[in-house]
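# Structure, please.
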Amino acid sequence: MITSTHEERMLVVSDIHMGNPLHRPGRKFMDFVRFALDNGYSICVNGDGIDIAQLSLVRLQADLSPSMSLFIRFSDSNLNFYHTVGNHDIALEHFLSQVGSMTVAPFLNVYSGNKRIRVEHGHMYDEMFIKFPRMYFLFTMIGRLAIGISPGTYDVMHNINTWFIGFTEWVFAGFKTAAQRRVNLVGGIQGERDCFHDGAEDVGVRGFDAVVFGHTHLPGTYELPGGVRYYNTGGWFSKPWCVAINRGE
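This is a model prediction of the structure:
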């Protein structure tokens, strides 16, 4: 299994959620893929490229089919297409590895220029996902049913889920508020939970110059202790963001 690679130019995106009828892209993903091919960039989809947990087969076909021929062009252009697995598409690992020249991995250690960059979806640092996997799965399934009713119903369930996570963190932190827990943290992405800051910091101290996560759907960047730069590419379906790596910068 490939987990380390050398790439001088690469674009990293995450959380496209193809096949989810709720998460419609703000920009067609195939336009982005075509841009990478035309400008000599490899691509890494950093998890949740396909949403198997809240899937509509009709929507998946509409989202994925136009891009399939473009995926195959990467090997012809001496470029690479990577997919790091996320919590919504881990069940499709074998399928994804057969799409064009796609390389599927749990994470990537990217060497570019004189920099070492860790690219990982980030769900393994999500305390709710790790400590309460059955509860996490339950909320995912409830969300799938809510999507079938209406976007508004899903929003209500999402707000309940957010409240439950906040309440759980408050209890496990000894009844401390988010502001009290973050008193020693510098910077941070608005709305992002402490566990992702801690996860990125733990990864960064292993000799990386930058850490790139997805999963939270909250885009942003800031500097971790020790000068390591943390990036999150947010969710493609709202306002698309990417991390562009160009010879280590």
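# center of this structure, which residue is that?
In the chain, the centroid-proximal residue (CA atoms, centre = their mean) is G214; its distance is 2.7 Å.
# what packs against the lengthiest helix in the chain?
In the chain, ranked by residue count with DSSP state H as the criterion, the top helix is helix 151-172. Secondary-structure packing of helix 151-172 (3 or more CB pairs under 8 Å, 6 or more residues apart in numbering; DSSP states H and E): helix 127-131, helix 133-149, helix 178-181. (Glycine included, C-beta is placed from N, CA and C.)
# Tell me what angle it forms with helix 133-149.
160 degrees (axes from the mean of the first three to the mean of the last three CA atoms, to 10 degrees).
# From E7, how far out is N78?
Relative to E7, N78 is positioned 12 Å away (CB to CB, to the nearest Å).
# before we move on, what about Y125?
For Y125 relative to E7 (CB to CB), the value is 24 Å.
# rewinding a little: out of the helices and strands packed on helix 151-172, which gets nearest to L55?
helix 133-149 (8.1 Å; CB to CB).
# what packs against the closest one?
The contact analysis (3+ CB pairs under 8 Å, 6+ apart) places helix 133-149 against helix 127-131, helix 151-172.
# Among the helices and strands packed on helix 151-172, single out whichever gets nearest to M68.
Across these, closest to M68 is helix 133-149 (CB to CB), at 24.8 Å.
# What's the mean pLDDT across that closest one?
Mean per-residue pLDDT for helix 133-149: 77.
# Could you tell me how many residues sit around the nearest residue to S77 once chain neighbours are set aside?
Leaving aside its chain neighbours, S77 sits nearest to L37 (5.9 Å; criterion: CB to CB, 6 or more residues apart in numbering). L37 has 19 neighbouring residues, counting by other CB atoms under 10 Å.
# Counting by contacts, list what the helix or strand hosting L37 packs against.
If you go by DSSP states H and E, L37 is part of helix 29-39. Packing partners of helix 29-39 (3+ CB pairs under 8 Å, 6+ apart): strand 9-13, strand 42-46, helix 57-76.
# Buried residues, the longest one. List them.
By 16 or more other CB atoms under 10 Å, the buried positions in helix 57-76 come out as R59, L60, D63, L64, S67, L70, F71, F74.
# So which of the residues you listed is the closest to I160?
R59 (24.3 Å).
# How far off centre is the helix holding L37?
Chain-centre distance of helix 29-39: 19 Å, with CA atoms, centre = their mean, to the nearest Å.
# just stretch 218-232 next, same as before
Using CA atoms, centre = their mean, the offset of stretch 218-232 from its chain centre is 15 Å.
# ok, what's across the strand from the residue lying closest to L79 once chain neighbours are set aside?
Nearest residue to L79 in three dimensions, chain neighbours excluded: S42, at 4.8 Å (CB to CB, 6+ apart). With DSSP bridges as the criterion, S42 is bridged to M10.
# List the contacts of S42.
E7, R9, M10, L11, A36, F74, L79, N80, F81, Y82 (CB atoms under 8 Å, 6 or more residues apart in numbering).
# ok, and the closest non-adjacent residue to F164?
F164 sits nearest to F139 (CB to CB, 6+ apart), 7.7 Å away.
# before we move on, back to that, buried by neighbour count, from the contacts of S42: which ones?
Those of the contacts of S42 that meet the buried threshold are E7, M10, L11, A36, F74, L79, N80, F81, Y82, by 16+ other CB under 10 Å.
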